[in-house]
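K.L.:
Requesting a structural model of the entry that follows:
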Amino acid sequence: MVRAVDNPGLYRFFLRLVRQTFDTLGVGGPTAARYVAEVCTRFARSDRLYALSDPAGRRIADLVRMSEALEAHEYRASTLDRYVGDFALFMSGLFRRYVAGRGVLGLYHEVGARSYLRASLDEGSPWPPPKLLAELGREFERYAGALDFLRQAYFVPAPGEDPFRGFLARLAELTGGPGRN
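P.N.:
Alright, predicted model coming up:
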């Protein structure tokens, strides 16, 4: 089961790449591939990537502040734990160089894994299955590494091109242009 996505073409694109990557690396299975492709599709839009706000209404755009908000109990629902896990996976996978360059890759792995494990305790949600969330938590670094491999294999920057900008430009093409983000 996959929730409806607002860009089915982008979802199919990511699903194909995630399946190929998972098959190549021996990571995850079909359910994990569907879920990770859904995360990539959802977070291709910046309004979905930066969905949390602080009490003043400002978007929380980094995991350090998200983690602080979770630990301070400003947010405490399993859906928010899952969001933080998804955010950490997406950023530490597809934007690893950016995260590592800020010196917080270990934090993203730690917080992402912990968030997925907490979210897996909610037995009331059929999608994603709690068993999958627990696997994402236990194997967080492998899944993030698989997304990094996907980026390196399928979103290769041109010589001298900023890899972050090139990846975002490719996503903008696939999502219908910059007006969608």
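
K.L.:
residues contacting Tyr108?
P.N.:
Neighbouring residues of Tyr108 by Cβ atoms under 8 Å, 6 or more residues apart in numbering: Leu63, Ala88, Met91, Ser92, Val99, Ala144. C-beta coordinates here come from the backbone N, C-alpha and C atoms, glycine included.

K.L.:
Was I right to think the fifth one contacts Leu105?
P.N.:
So the one you mean is Val99. Yes - if you go by Cβ atoms under 8 Å, Val99 and Leu105 touch, sitting 5.1 Å apart.

K.L.:
Compare these two and say which is more crowded by neighbours.
P.N.:
More crowded of Val99 and Leu105, by other Cβ atoms under 10 Å: Val99, with 23 against 18.

K.L.:
measure that one to Ala32 for me?
P.N.:
Per Cβ to Cβ, to the nearest Å, Val99 is found 21 Å from Ala32.

K.L.:
And the residue most central in space within the chain, which helix or strand is it part of?
P.N.:
Geometric centre of the chain, nearest residue: Phe90, 2.5 Å, by Cα atoms, centre = their mean. Secondary structure from DSSP states H and E places Phe90 in helix 78-94.

K.L.:
mean confidence score for the helix or strand just after that helix?
P.N.:
The helix or strand immediately downstream of helix 78-94 is helix 96-101, counting by DSSP H and E. Averaging pLDDT along helix 96-101 yields 93.

K.L.:
what's the offset of helix 96-101 from the middle of its chain?
P.N.:
On the basis of Cα atoms, centre = their mean, to the nearest Å, helix 96-101 sits 14 Å off its chain's mean C-alpha point.

K.L.:
Quick check: buried residues in whichever helix or strand comes after it?
P.N.:
Under the assignment DSSP H and E, the closest C-terminal helix or strand after helix 96-101 is helix 105-119. Neighbour-count burial for helix 105-119, counted by 16 or more other Cβ atoms under 10 Å, picks out 105, 107-119.

K.L.:
Helices of the protein, start to end?
P.N.:
For the chain, the helices defined by DSSP state H cover 8-25, 30-43, 46-49, 63-71, 78-94, 96-101, 105-119, 130-138, 140-154, 163-175.

K.L.:
Figure out which of the ones you listed is closest to Ala56.
P.N.:
helix 63-71 (11.9 Å; Cβ to Cβ).

K.L.:
tell me the mean pLDDT over the closest one?
P.N.:
Helix 63-71 comes out at a mean pLDDT of 68.

K.L.:
All set, thanks.
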